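In: Predicted model and sequence follow; I will ask about them next.
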There are 2 protein chains.
Amino acid sequence: MAEATIRDVARKAEVSVASVSRALSGAANVSAETKERIARAVSELGYIPHAGARSLSHGRTHAIGVVLPDLHGEFFSEIVRGMDREASANDYLLLLSPMHGGGRQATTALRAMRGRVDGLLLMAPHIAPEELRGALPANLPAVLINTRSSVGRTSIRLDNAAGMRAVVAHLLAQGKRHFVHLRGPAGNLDAQERADAITDALDAAGLRPIFMPGNFEESGGHAAIRQLVADGTRFDAVIAANDMMAIGALTALRQAGVEVPRTVAVTGFDDVPLARHLDLTTVRVRIADLGAEAIVRLLAELGGERPSEEQLHQPELVVRRTTEEPS
Amino acid sequence: MAEATIRDVARKAEVSVASVSRALSGAANVSAETKERIARAVSELGYIPHAGARSLSHGRTHAIGVVLPDLHGEFFSEIVRGMDREASANDYLLLLSPMHGGGRQATTALRAMRGRVDGLLLMAPHIAPEELRGALPANLPAVLINTRSSVGRTSIRLDNAAGMRAVVAHLLAQGKRHFVHLRGPAGNLDAQERADAITDALDAAGLRPIFMPGNFEESGGHAAIRQLVADGTRFDAVIAANDMMAIGALTALRQAGVEVPRTVAVTGFDDVPLARHLDLTTVRVRIADLGAEAIVRLLAELGGERPSEEQLHQPELVVRRTTEEPS
DNA sequence: CTGTTAGCGCATTCAG
DNA sequence: CTGAATGCGCTAACAG
């Protein structure tokens, strides 16, 4: 048999559907006895309201669409966890639509959300602003995360510059003067901002770093450092664009017999669990909080607030043994 | 202005809504010219079909509900990734509803899915079968993952016993004879099965392990081993119920100056990325594949197949340095 | 307090 | 090939 509908309940309780709807919506004006009869009918029929129909009529879905690019494990689960924490605390469900490709995929993913969600969370560090503007449904509140341009929407970005400034200041305080920066992949916004911040901060101290290309992966960091060592290049600090490259660098330095941090200090970015285990100095990004913040902003807009300007999420320097001798 | 509806498109193209619907549904019978006019109207209005309304009418949502308990990062992202891979390949969206609590929360989470999804993926290693049966909408196809009882639904389970049997056999082959097992949380199905399998496998060898309570967390493994060492208990192998506890155990052993694996061997379960870095012998669970398998089963049921019996997902022993000296 | 009715946006008969 | 009408399940006026 098909699932019971509100009409079945009404019939069984011998009242109108309107009364059932009211009774179930909680507080309206329904006599105690009617309420009682309805409750009994509901439980006898095992009635469960049809959320889809309710949305169509009510105009609200109580769901939030989340469109994410392919993220490596750590980041993905953390940000979704933060979003969920905040969303379910407010009785919202999360509709996930990871996009596996570039522009066209994003458009498809966004279109599929029409009529299913009240608002959108979009993370797209690699999509051009024009494409974004075209793909975003005009009437749908949306919060952008780490996106190149806010195209008039609320957006939350990681403050990469602040993080790297803290790293540079810390290393300078340790007496380091010859810097190497292991870059993230070309075209990646975070990577670009991190590199720029390092350049600026060192420039202020009258220094210039050596730049090595990288890819956010362990192997890239390892290869870069091995090459520098083989070339006999002199340096006393390695600032990697993320933790995984820093870890690769540590391995390469250890294999070369270089003392860390005395001869060469090493820093990462992200604070993945591995970083703590390896005692890597890094910049901690509270990813889950970032996700939660995005939900909070979105809910505020759903509640009627105006989209706010760009917001920066502050990371935090975590000093460990790859830059500072234990005392 | 509100979003354009199918009626706006019909008006602009000077045809009926039925024709628009047909034209958009792809292949039906529509003249080329009509199709052309509709296409133009659609793009001029920026019309996007309303998925919610379509679902209500069509009776299919093209979405799959995913109800998961609170999972630690690694596991969560991996299983969702696998599910997404398979789901989006078949044009299904994932509606996430993590449940943060026990029975009542699960019921709520499941009820919220009514009318929003075509099928359900439910992972609930800690919920009693009776509660489950009551909470699951009768007409909704569902695949259960690591659940205590299949209550007549398709279910996929991890073959914990096979994994632990492989661990025990390996350790016995290394000459180990005095076993400690760091258990998972009480009431957790996986934890129970792992403990039972160890007991059985050792029993066959005429041995009995020491059981220590645990919680699947690093701190628990650390505390347990520290206590054993403090008590002067003798043992030469630690089988942790998961990787994180094994990692805690490793730390405790190192702090106590115990040689691994010569004096004490250590094994985990899961093969989280950290395990590889720490060279931990463990049982690899291909979590993403497990999630993908669940989707495949569910899609088959949505396609009309009968629910299949219980299916076991095989994990795989990965031997590393915490049980075997490098040669 | 309660029942009737009209949509929400779309797919789908059934006639033309 | 096309249009008018009906209903998916529910909520929200509007009358009683």
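Out: Structure received. Numbers count the residues shown, from 1 in each chain, chains lettered A, B, ... in the order given.

In: From here on, just use CA atoms for contacts and neighbour counts.
Out: Will do.

In: got any ranges where chain A has weak pLDDT?
Out: A:1, A:27-28, A:72-73, A:102-103, A:150 (pLDDT under 70).

In: which residue is nearest the centroid of it?
Out: The residue lying closest to the centre of chain A (Cα atoms, centre = their mean) is A:Ile79, at 4.4 Å.

In: Please work out the angle formed by the directions of the helix or strand hosting it and helix B:73-89.
Out: Assigned by DSSP states H and E, A:Ile79 belongs to helix A:73-89. Counting by axes from the mean of the first three to the mean of the last three Cα atoms, to 10 degrees, helix A:73-89 lies at 80 degrees to helix B:73-89.

In: Just the buried positions in helix A:73-89, please.
Out: A:73-88 (16 or more other Cα atoms under 10 Å in any protein chain shown).

In: that older thread, show me the residues around the residue nearest to the centre of chain A that make contact.
Out: A:287-292 (Cα atoms under 8 Å, 6 or more residues apart in numbering or on different chains).

In: go with 10 Å
Out: By Cα atoms under 10 Å, 6 or more residues apart in numbering or on different chains, the contact set of A:Ile79 is A:68, A:85, A:286-292, A:294, B:73, B:77.

In: will you turn those into TSV that also has secondary structure and distance to DNA strand D?
Out: Compiled in TSV, the contacts of A:Ile79 are given as follows (DSSP: H, G, I helix; E, B strand; the rest coil; distance: Cα to the nearest atom of the strand, whole Å):
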residue	secondary structure	distance to DNA strand D
A:Leu68	coil	30
A:Arg85	helix	25
A:Arg286	coil	38
A:Ile287	helix	35
A:Ala288	helix	32
A:Asp289	helix	32
A:Leu290	helix	32
A:Gly291	helix	30
A:Ala292	helix	28
A:Ala294	helix	27
B:Gly73	helix	35
B:Ser77	helix	33
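
In: Which one of those is nearest to B:Phe269?
Out: B:Phe269 lies nearest to B:Gly73 out of these, by Cα to Cα, at 15.2 Å.

In: hang on, the earlier thing: tabulate the contacts of A:Ile79 in a markdown table, adding columns for distance to A:Gln174.
Out: Listed next are the contacts of A:Ile79 as a markdown table, based on distance: Cα to Cα, whole Å:
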| residue | distance to A:Gln174 |
| --- | --- |
| A:Leu68 | 39 |
| A:Arg85 | 39 |
| A:Arg286 | 26 |
| A:Ile287 | 28 |
| A:Ala288 | 31 |
| A:Asp289 | 31 |
| A:Leu290 | 31 |
| A:Gly291 | 34 |
| A:Ala292 | 35 |
| A:Ala294 | 36 |
| B:Gly73 | 34 |
| B:Ser77 | 38 |
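
In: Separate out the buried members of those residues.
Out: In those, the ones that pass as buried (16+ other Cα under 10 Å) are A:68, A:85, A:286-292, A:294, B:73, B:77.

In: Ramachandran angles for A:Thr199?
Out: A:Thr199 adopts backbone torsions of phi -50, psi -50, taken as degrees, to the nearest 10.

In: Ok, the one 10 residues further on next?
Out: Dihedral pair for A:Pro209: phi -90, psi 160, per degrees, to the nearest 10.
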